[in-house]
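S.K.: give me coordinates for this.
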Amino acid sequence: MSLKDDLISDARLIFRTTWTKRNGQVVPELENLRLGNDAVELDATVLYADMTDSTKMVDSKTPEKSAEIYKAYMQCSAKIIKEEGGAITAYDGDRIMAIFIGNSKNTTAAKAALKLQWGLREVINREFKAYYTDDDYQLNHTVGIDSSKLFVSRIGVRNDNDLVWVGRAANYAAKLSAISEGLSAVYITDAVYNALNESSKLGGPNRQNMWEPLFWNTMNKMQIYRSTWQWTP
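M.R.: Here you go, the predicted model:
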């Protein structure tokens, strides 16, 4: 069979095969799903953390220094996310994706994001400047969070495949993390904000709201919220 015939056969099989679906209670692993039309559906909150202007960083610094910044940021982020009960689902170049499930998924995702703010400012940037005293570089990031039902399936070919997370939360969280306003901030949708308990909504000695309402102009002026606060672990 030629490559052309093989590709046509694959597409026909995908479009004509009935899906096998089941509700998920845990974040699925790769081995939990078959390569065919097999899926897990779950309610989840998605967090994307994206390093800002990483292309400029790579263009202006040695590969070794850039790699150190990548490694320090990803390691710090992953440990904070895991500590808050999130599951890392992807390291995608200069950003990290995580899934939170359970009754407090929005609150814990927001808490993790605010701790990422602390990690960026008080760990990554502080330690970078402590060692590279003649370099005034400062890393910024944007964190996006949304919550929705997700449809999780396995994609790719045998011995070279991964999971795809289909649903609003995955797309919106990624788009929110791409907002760049020259500052490190966390952006959450209305769905996430309305599900927060006070521990992730109010902060400081005066218990003030850590989230300011905004309109997401590029998404039909959708209501979102931004925070520049940080949470010390």
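S.K.: mind listing the strands in this protein by residue range?
M.R.: 20-23, 38-51, 87-92, 95-100, 141-157, 160-166, 185-189, 202-203, 208-209, 212-216, 222-227 (DSSP state E).
S.K.: which one of the ones you listed lies nearest to Tyr172?
M.R.: Taking CB to CB as the criterion, strand 141-157 is the member of these that comes nearest to Tyr172, at 3.9 Å. The way it works is simple: take the backbone N, C-alpha and C, and place the C-beta from them, glycine included.
S.K.: the inter-axis angle of the closest one versus strand 95-100?
M.R.: 80 degrees (axes from the mean of the first three to the mean of the last three CA atoms, to 10 degrees).
S.K.: who does strand 141-157 touch, helix- and strand-wise?
M.R.: strand 38-51, helix 105-118, strand 160-166, helix 168-177, strand 185-189, helix 190-193 (3 or more CB pairs under 8 Å, 6 or more residues apart in numbering; DSSP states H and E).
S.K.: would you mark the buried spots in that strand?
M.R.: His141, Thr142, Val143, Gly144, Ile145, Asp146, Ser147, Ser148, Leu150, Val152, Ser153, Arg154 (16 or more other CB atoms under 10 Å).
S.K.: likewise for stretch 36-49?
M.R.: Within stretch 36-49, the residues that count as buried by 16+ other CB under 10 Å are Asn37, Asp38, Ala39, Val40, Leu42, Asp43, Ala44, Thr45, Val46, Leu47, Tyr48, Ala49.
S.K.: stretch 201-212 too?
M.R.: Buried, per 16+ other CB under 10 Å, within stretch 201-212: Lys201, Gly203, Met210, Trp211.
S.K.: could you check the pLDDT of the third one?
M.R.: In the prediction, the pLDDT value recorded for Met210 is 98.
S.K.: gap between it and Gln223?
M.R.: Per CB to CB, to the nearest Å, Met210 is found 17 Å from Gln223.
S.K.: again with Arg207
M.R.: Noted for Arg207: a distance of 23 Å to Gln223, by CB to CB.
S.K.: list the contacts for the most centrally placed residue in the chain?
M.R.: Note on the chain: the residue nearest the mean C-alpha position is Tyr48, at 1.6 Å, using CA atoms, centre = their mean. Applying CB atoms under 8 Å, 6 or more residues apart in numbering to Tyr48 gives the contacts Arg95, Ile96, Met97, Val143, Gly144, Ile145, Ala173, Ala174, Leu176, Ser177.
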